[in-house]
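# Structure here, sequence nowhere to be found:
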């Protein structure tokens, strides 16, 4: 399946238009202005029916991932006729307006074929990459900058031109993960296959929120995205505040910061016992006893760091001799970790 | 066959040593850190969670 770049450009521009505040008298007049701008864009940039249909499929795929049954997106064979629902029930207002402009009947029931289409399309649109200049050309040729200078100035002056060329950094938060997952995350030698299309956010704060949603272990993944891959769902998603970008690709992680807590066996039962906080990166191990630095080795290899984390978070006791000469036998506290990983999407 | 007191003591000590060795082995297995198999299943858990939506199913 080939990517329709013109349709993708219109999708990115539409996501940007929904972020624009036309400063009308009310929310309704603002929506009217946005929808008029989108109509102009579609009429000028997508005159042929095939591109319109391609764009509809992209939007529907995004909608099923963000507010449909995600399990059925992953496995369309699991579609249940008994749980059929209408598109209108899971669409955001912006996506509903957009689809209506494109001529899609939003009152229709979602079918198994729709899930199969999404399953096929998400890896493609999530991996899509389009230059900011290419998207801007579509915008310019539509005549919108002349007709709506306020919109043009909104896009021109926004950070990364409101993401029409994609985002350089994307984030994802995971919470309530097992200690084994945290240990796995410290293995930097293996790339991750995320080609199915996953939900990420352009907003680190939003991802941080999800990293803490269900308590520790908290995981924050930060992806450098040099090719600016991804499909901007943003306000077109029913969960617009999450500022979602659907991303697919191969991720390589190259660094991390992990922290967890441990207690010393020698101090068990001692009311003056100190908490030990352990910080690990791919080349450093640092331990504090209470507030005091206790041990530091900033010359370990990524493999050594990973083996240490596997041992410690796996519940095995580990001995550390502090700079004072005191040797303690530590045991990590279960499910008390936070880890931030930094990687790059190929 | 009658056993002397010292023979009984010796047998009990040998049995006790065997039991203690077995207990130590079990403890080692429980706290030996994560195995490669644990890492494989952790990767599956991670990919499963990543495939879900941040705001839930």
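Done, it's in. These numbers were taken from a predicted model, which means no experiment stands behind them.
# Strands along the stretch 51-200 of chain A, start to end?
Counting by DSSP state E, counting those that start in this stretch, one finds strands in the stretch 51-200 of chain A at the ranges A:169-174, A:192-193, A:198-201.
# And the contacts of the shortest one?
Contacts to strand A:192-193, defined as CB atoms under 8 Å, 6 or more residues apart in numbering or on different chains, come from residues A:250-253, A:343, B:47. Just so you know, the C-beta spots here come from the backbone N, C-alpha and C atoms, and that holds for glycine as well.
# got the domain boundaries for chain A?
Split into domains by automatic domain parsing, chain A comes to A:5-163, A:169-253, A:255-336.
# Out of these, which gets nearest to residue B:3?
Closest to residue B:3 of the domains of chain A is domain A:255-336 (CB to CB; 41.0 Å).
# Deepest-packed of the domains of chain A, please.
Each of those was scored by mean neighbour count; the highest is domain A:169-253, a mean of 21, by mean count of other CB atoms under 10 Å in any protein chain shown.
# Between the two ends of it, what distance do you get?
14 Å (CA to CA, to the nearest Å).
# which stretches of chain B aren't confidently modelled?
Within chain B, the ranges that satisfy pLDDT under 70 run B:1, B:18-31, B:57.
# Which residues of it lie near chain A?
Selection of chain B residues close to chain A by CB under 8 Å from any CB of the partner chain yields B:30-34, B:38-39, B:41-43, B:45-47, B:49-55, B:57.
# Please state the backbone phi and psi of the nearest residue to residue A:299 once chain neighbours are set aside?
Of all residues not flanking residue A:299 in the chain, residue A:283 sits nearest, at 7.1 Å (CB to CB, 6 or more residues apart in numbering or on different chains). Here is the backbone geometry of residue A:283 (degrees, to the nearest 10): phi -140, psi 20.
# list the contacts for residue A:283?
Applying CB under 8 Å, 6+ apart, we find residue A:283 in contact with A:298-302, A:305.
# ok, back up a step: closest one to residue B:15 among the domains of chain A?
Nearest to residue B:15, of the domains of chain A and by CB to CB, is domain A:255-336 at 28.3 Å.
# so how far does the closest one reach from one end to the other?
Taking CA to CA, domain A:255-336 runs 20 Å from one end to the other.
# residues touching residue A:234, list them.
Residue A:234 sits next to A:15, A:18-19, A:163, A:202, A:240, A:243-245 when contact means CB under 8 Å, 6+ apart.
# State the distance from it to residue A:106.
Distance of residue A:234 to residue A:106, given as CB to CB, to the nearest Å: 19 Å.
# so what's residue A:330 closest to, chain neighbours aside?
Residue A:330's closest residue in space is residue A:262 (CB to CB, 6+ apart), at 4.1 Å.
# Okay, and the beta partners of that neighbour?
residue A:276, residue A:332 (DSSP bridges).
# again, but for residue A:244
Where residue A:244 sits in a bridge, its partners, by DSSP bridges, are residue A:201.
# helix or strand for residue A:330, which one?
strand A:327-332 (DSSP states H and E).
# How far does that strand sit from its chain's centre?
Chain-centre distance of strand A:327-332: 37 Å, with CA atoms, centre = their mean, to the nearest Å.
# quick revisit: with respect to chain B, which of the contacts of residue A:283 is nearest?
Among the contacts of residue A:283, residue A:305 lies closest to chain B (CB to the nearest CB), at 13.6 Å.
# Can you classify that closest one by secondary structure?
helix (DSSP: H, G, I helix; E, B strand; the rest coil).
# now it: how far from residue A:177?
Taking CB to CB as the measure, residue A:305 falls 18 Å from residue A:177.
# Give me every residue in chain A lying close to chain B.
Residues of chain A lying near chain B by CB under 8 Å from any CB: A:65-66, A:69-71, A:74, A:172-174, A:177-181, A:183-185, A:187, A:192-194, A:196, A:198-199, A:201, A:207, A:210, A:213, A:239, A:242, A:310-317.
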